[in-house]
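Asker: structure for this input, please:
(chains A and B)
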Number of protein chains: 2
Amino acid sequence: MRSEPSRQARAGPHHMAGNVRPASRSVCPIACKQQPEFQSRGDHAMTAQQARGLHADNGSKDMSGLDALFRPRAVALIGASEDPRKIGGRPLRYMREAGSEIAIYPVNPTRETVQGYKAYPSVGAIPDQVDQAILAVPASLAEGAVAECLAAGVRSLVMFTAGFGEAGDEGKAAQDRLSAMVKAAGARLLGPNAMGLFNTADKVYSTFSTAMDRGTPAVGRVGMVSQSGAVGSYLQNLAISRGLKISKFVATGNEADVQAQECLEWMASDPDTDLLMLYLEGCRDGAGLIRALRTARENGKPVVVLKAGKTEAGQAVAASHTGALAGSGEVFDAVLREGGAYRAETLTEMVDVAYACSLGVLNPSNDLGIITVSGGVGVMATDAAVEANLDMPPISEAAFADIASKLPLAVGRNPLDTTAQTVGDRSIFTRSVDIMLGDRDYGSVMIFLANAGLNPKDMGLMREPLEEIRRAHPGTQLALCMQSRAEIRADFEDLGYLVFDDPVHCVKALAGAMRLAQTLNTPLPAPTENPAKRVAFATAPNEAEAKALLAEAGVAFAEERVAADAEAAVRAADAIGYPVVVKVLSADIAHKSEVGGVAVGLADGEAVRAAFERVTANARKAEPNAVLSGVTVAKMLQGGTQTIIGAHRDPTFGPVVMFGLGGIYTEVLKDTVLRLAPVTHETALQMIREIRTFPVLDGARGQEKADLDAIADTIVAVSRFIAAQGSEVESVEINPFIALPEGGAGVDALIVVS
Amino acid sequence: MRSEPSRQARAGPHHMAGNVRPASRSVCPIACKQQPEFQSRGDHAMTAQQARGLHADNGSKDMSGLDALFRPRAVALIGASEDPRKIGGRPLRYMREAGSEIAIYPVNPTRETVQGYKAYPSVGAIPDQVDQAILAVPASLAEGAVAECLAAGVRSLVMFTAGFGEAGDEGKAAQDRLSAMVKAAGARLLGPNAMGLFNTADKVYSTFSTAMDRGTPAVGRVGMVSQSGAVGSYLQNLAISRGLKISKFVATGNEADVQAQECLEWMASDPDTDLLMLYLEGCRDGAGLIRALRTARENGKPVVVLKAGKTEAGQAVAASHTGALAGSGEVFDAVLREGGAYRAETLTEMVDVAYACSLGVLNPSNDLGIITVSGGVGVMATDAAVEANLDMPPISEAAFADIASKLPLAVGRNPLDTTAQTVGDRSIFTRSVDIMLGDRDYGSVMIFLANAGLNPKDMGLMREPLEEIRRAHPGTQLALCMQSRAEIRADFEDLGYLVFDDPVHCVKALAGAMRLAQTLNTPLPAPTENPAKRVAFATAPNEAEAKALLAEAGVAFAEERVAADAEAAVRAADAIGYPVVVKVLSADIAHKSEVGGVAVGLADGEAVRAAFERVTANARKAEPNAVLSGVTVAKMLQGGTQTIIGAHRDPTFGPVVMFGLGGIYTEVLKDTVLRLAPVTHETALQMIREIRTFPVLDGARGQEKADLDAIADTIVAVSRFIAAQGSEVESVEINPFIALPEGGAGVDALIVVS
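Answerer: Numbers count the residues shown, from 1 in each chain, chains lettered A, B, ... in the order given. Coordinates of the predicted model:
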């Protein structure tokens, strides 16, 4: 995100703003004019419109009401404590220690002041428009306190109090009442059971997180959103100890009102935030998450996500933890990928990628260069690059010859292994880096220096040439991989180098930052138009009706006729041409094969007549109550490859479309790919190429290549069809769709309505 | 590896042995009686037998000659330098600084002493049996120096000098001459181009690694073997900064003589070593590696391996780096898994698993318990546990009720989420840990404490109860996951807790240590008997001959006859029963289908007659020079599932056997599994269950279950067959082998001989 190779010298994580103010109770027990900073900043009684417009200086109206949470001008603390270690004392202490200039109003009916601030007996007694009230009161008093705040016109609430949705049915009911109250008042509520939020630039510390015990964090440009307070503050510490600096942080707790994706969307528009980190266990508003990712992309901000609950067991734990539907892992994957976010597997990886984006240079080129003092590290890093789909183009022979003239044992044009020869003369190493970077325009470069970072003298010798190289290639992402002392690491980070200690983690992080750069360099797809029409379903459609609807939507099917009796079936078969397939027709029977309702390979009229009787009898026997509407007689397709094209409505994200090869590939190997519906033809082609068994469609094992455009057309049609329907359509499936060398045709179709 | 919960207080990585001796040149320029430590330890002139028997005090004879390398009593340094920073000065300096008591003889014709040790003009002038000579001379002088050492009866050489096998054809030739010289002399040579070795207990530092610049490492029980010096010393630093302590370290360089797997085998028998770490790029002696892994297992020592060169691109880099054949990734995987080693993907993971084995408790139970102050971390850790195939059985309802009576908001019986309630009263947290561990006998437990490790007061409150818990469960692997200060981490490690900072890494490392414990708790399989006979192949067998040989070895085939002409083919088909398959028979045509040499589904004599003419004509046209031996007529099997059972000779590891489903599964999805041949019936059944498509054989999608024993019998027979043959048999393949509900039968067979 750094646009120039050098940047401001960084303060350590323990850096404190200069204007820290001591606790001042002994100086002036009652806050007064002498200490205006501890009072309201003025009599800025705002209209509701003004309060809503807090964000207006960013050029956009705050429709979400979250400005009052993230950028309040006046904060009240209900349940304020004199003890700065208590939950009700910590926000005051943090804002006091950070020298916050916002208006702070402790509410405590038993005291004149709290931690040096003038106290008020109730929120109603505060002579100011309160943007945000922090609630640090016991659960038994919480509902009353919320009501009082809302009555006093408070715009937003941060609710530390626990014992609601996470604590059984009674708590859930109380939480629902809270939601209703704030909604009715047009206010916003963070929590309950939330660790709160902070905003480093404006010195708002509406949180009880003990992570601040070692000092409030330095001002930075990384926004963090976490559904879990504990994970959030853990991640905050991991990130800070890695050199990341935070703009805004929020932990959303029980999400009775304000949800994680709303906070993400707000930060995606926050001019003080350049990079977003999101920890998610579930999502209550899929469309909101998609919108937030889109906003981040529009505004050029990379998003790094850890979505816990990948496995079913993990999802079950997540459900008991947050009460949010964890959602299908595959659909989340698709949403995050389509939204251009990076999905990390561990907190370490999440911080690694954010570090590479935040402290490094975002370059979308896929080309990685590696220069190393160890051939073995070159091998490991090459493995990692291949697995991350990075390219490693070699330097020119001339450039290698130039390096080899100085380093006769040098091996390889990328990775370039200088060998330990350079340990004695570091200038030859940096000269080699210079030649390599001058020869080829790599997007990212990893420079492996082994243990050199432990040796100040060694690094001192290389500092100037590496600074010069950094300056000469301002657009290249440059990373050192070495073991290093903290101060050496910080020094080279200040020069504009990333510093890692594990070569595989380094390559993976460079790849992650590169993918995010690619996303941000790709224009957002235009909203997909959907010409499909919504159908009014009186009853569940049978196979023939489903086919007719989908044919109208653009799906090709094998030639087929409906026949009410055996003789009609024979006439239909004669007209279509043999061989044919006969299937019982009934909206009540979804799985026709399983009841013996399908006869294939019928070569003549006699076979068709017998088949009619057989499939009808089988169906009647298996499903005595099913209404039978005769049979379908269809052309039996020869050859081709069986695929499945389906769609369903995800409870979180709405309509999605699925593609895979038929049979075992889908059912045993789960070799399918998903996208949010509707999709474009181009996206459908991508989907086809993403399945592991794509070579089967691409002519592997001497098969004919399938007509990919015909498959893609069908995926598009199915995706548009489901996207146009209401929530009564649960799923659509064309199984199989036979992919042929030219064209293709659906053989069976099913539309499930609720 | 700790057998008791507590252990010796550990010295930090910079810890130096107490008897460090200062450089003493100014005190006594000529080494003399006053400083006997710098002299030979005595006139222990040994016979060759005695030298060979250096390892005899371990109760085993050293057949490898490596004792002289790893535990020398007298070391000469050829090219000794007065400058302790130079390659030729470093070994002297390290041994001097560590207070080594072995006899050290610098060889330098221009000086009376080197770094305070008496110098000798030549190795021949040393009045002692030299066990090991270190060569730090230029490449141009190296051959002469080696010859001189061998002439003087030196038992082993450590050769730092580079510019041999890694430096072109001339260097390769020189390296081959070195190999021949040491072999002829019955000595051993480490290198050339080797970073050398060290032995902390005996204070042998025959290395120029700069990793020692901050002091020689503390004495420990971890053995490290690396083919790369740079990776080895990097790994050494990573491991030491993680608290691991090393017994022996070796980097094998060009491996002109001594190879990595030999060193591994030696350390597997070293009584001072409990745990082995191996970094490998290739292997020149597969049988040796298998033997080394077996020895480690017999001696109860876990082995953690990083094999670089997983991808083809990585393998190509490895080949240029070490010259060793990188070998097939799949076969390496099989060898390491069968050998019971843990294969890590990154250096960090390698150190994590070694740390969990070395500082922790090895418990083979699959049951993991998780107790956490963060529900979100419980979700992530559960995902990680599922992916690592760990079980997470819940505590009893009574135990949970007991915890919930103290912590009303506690959620879940495993993971148990105490929530942040316990932050205020840590005794409730430790009490909950106590109840959880008392209720259920977990093999491993992760305790997530968020940022508590940054807070000495918090950790102080928990120290005594956690110490008591550690004492009460001496057999349980206990890990804390938290962010922590270094001194707090070290303190809890001393109590017997592992300390991690990433919950997913923690679970993965616990799983790794558990798998290694399981391996060491499983008796070594008895050597497999192989009743198969070696066949003398005059020429390549045709299909019928191959089938006859394999049928004799125990493989069932579909009924089949050979026919020389069309009429004989019809008679054969009449006898077998229709439908039949007719295939052209020729040892010169491996892929019969591709030349049109196969006709299937032949329903009567006329069809067989026509098929004979057709397949013969097609084969003649496609392969005019092939010798045709008529056709085979075989029963056409109906139904069943196509599988492939194959075997080949791996260039590194010898005969391996392979199993997979036929067609696309093998060729596109690479869904196959490998083992070293021969295998037992039990192993063959494991192989069948390991393929991703196993559900297809197990009755998925309404198919009949295949007769797994029949498949396993065939795998065993093929594995025995190839294992009994000489190197002229390159591969064997039964493709397809049709798996049936009862029994099964091969349809085609191919034996490729060179």
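Asker: so what touches stretch A:387-404?
Answerer: By CB atoms under 8 Å, 6 or more residues apart in numbering or on different chains, the residues outside stretch A:387-404 that reach it are A:366-370, A:382, A:385, A:410, A:412-416, A:418, A:432, A:435-436, A:438-440, A:442, A:444, A:507-508, A:510-511, A:514, B:310-311, B:313. For glycine as for every other residue, the C-beta is placed from the backbone atoms N, C-alpha and C.
Asker: oh, that last question was meant for stretch A:232-246, not what I typed.
Answerer: So stretch A:232-246 is contacted by A:10, A:13, A:195, A:198, A:200, A:209-211, A:217-226, A:249-251, A:277, A:279, A:347-348, A:350-351, A:354-355, A:358-359, A:490, A:493, B:374, B:377, B:450-451, B:454, B:483, B:501 (CB under 8 Å, 6+ apart).
Asker: and the residues you listed, which are buried?
Answerer: Among those, those buried by neighbour count (16 or more other CB atoms under 10 Å in any protein chain shown) are A:10, A:13, A:195, A:198, A:200, A:209-211, A:217-226, A:249-251, A:277, A:279, A:347-348, A:350-351, A:354-355, A:358-359, A:493, B:374, B:377, B:450-451, B:454, B:483, B:501.
Asker: inside helices: which ones of those?
Answerer: Among the buried ones among the contacts of stretch A:232-246, the members found in helices (DSSP state H) are A:347-348, A:350-351, A:354-355, A:358, A:493, B:377.
Asker: average model confidence for the host helix or strand of residue A:510?
Answerer: Secondary structure assignment for residue A:510, by DSSP states H and E: helix A:503-521. Averaged across helix A:503-521, pLDDT comes to 97.
Asker: that helix versus helix A:347-358: what angle between them?
Answerer: Angle, helix A:503-521 to helix A:347-358, by axes from the mean of the first three to the mean of the last three CA atoms, to 10 degrees: 50 degrees.
Asker: and the helix or strand just after helix A:503-521, how far from the chain's centre?
Answerer: Downstream of helix A:503-521, the next assigned helix or strand under DSSP H and E is helix A:543-552. Offset of helix A:543-552 from its chain centre (CA atoms, centre = their mean, to the nearest Å): 36 Å.
Asker: got a pLDDT number for the residue of chain A most remote from its centre?
Answerer: Centroid-distance maximum for chain A: residue A:606 at 59.2 Å, with CA atoms, centre = their mean. Listed pLDDT for residue A:606 reads 93.
Asker: before we move on, what about the one 10 residues further on?
Answerer: In the predicted model, residue A:616 carries a pLDDT score of 94.
Asker: do residue A:592 as well
Answerer: Confidence score, pLDDT, at residue A:592: 85.
Asker: before we move on, what about the one 5 residues further on?
Answerer: Here, the pLDDT recorded for residue A:597 equals 91.
Asker: sorry, back to before: just the contacts of stretch A:387-404: which are in strands?
Answerer: A:368-370, A:416, A:444 (DSSP state E).
Asker: what parts of the stretch 601-750 of chain A come near chain B?
Answerer: Neighbours of chain B within the stretch 601-750 of chain A, by CB under 8 Å from any CB of the partner chain: A:663-664, A:667-669, A:692-693, A:695-696, A:700-702.
Asker: among those, list the two that are farthest apart in space.
Answerer: With CB to CB as the measure, no two of these lie farther apart than A:667 and A:702, at 25.5 Å.
Asker: re the thing from before, buried members of the contacts of stretch A:387-404 into ChimeraX, please.
Answerer: Of the contacts of stretch A:387-404, the buried ones can be selected in ChimeraX as follows, counting by 16+ other CB under 10 Å:
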select /A:366,367,368,369,370,382,385,410,412,413,414,415,416,418,432,435,436,439,440,442,444,507,508,510,511,514 /B:310,311,313
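Asker: quick check: the residue of the stretch 51-200 of chain A nearest chain B.
Answerer: Residue of the stretch 51-200 of chain A nearest chain B, by CB to the nearest CB: residue A:167 (5.7 Å).
Asker: residue A:706 and residue A:741 touch, don't they?
Answerer: Yes: Residue A:706 lies in contact with residue A:741 (CB atoms under 8 Å); the separation is 6.7 Å.
Asker: so which of these two has more stuff around it?
Answerer: residue A:706 (24 against 15; other CB atoms under 10 Å in any protein chain shown).
Asker: against residue B:344, how distant is the more buried one?
Answerer: Note on residue A:706: its distance to residue B:344, by CB to CB, to the nearest Å, is 41 Å.
Asker: same check, this time on residue A:614
Answerer: Remark: distance between residue A:614 and residue B:344 (CB to CB) = 60 Å.
Asker: then residue A:346?
Answerer: 15 Å.
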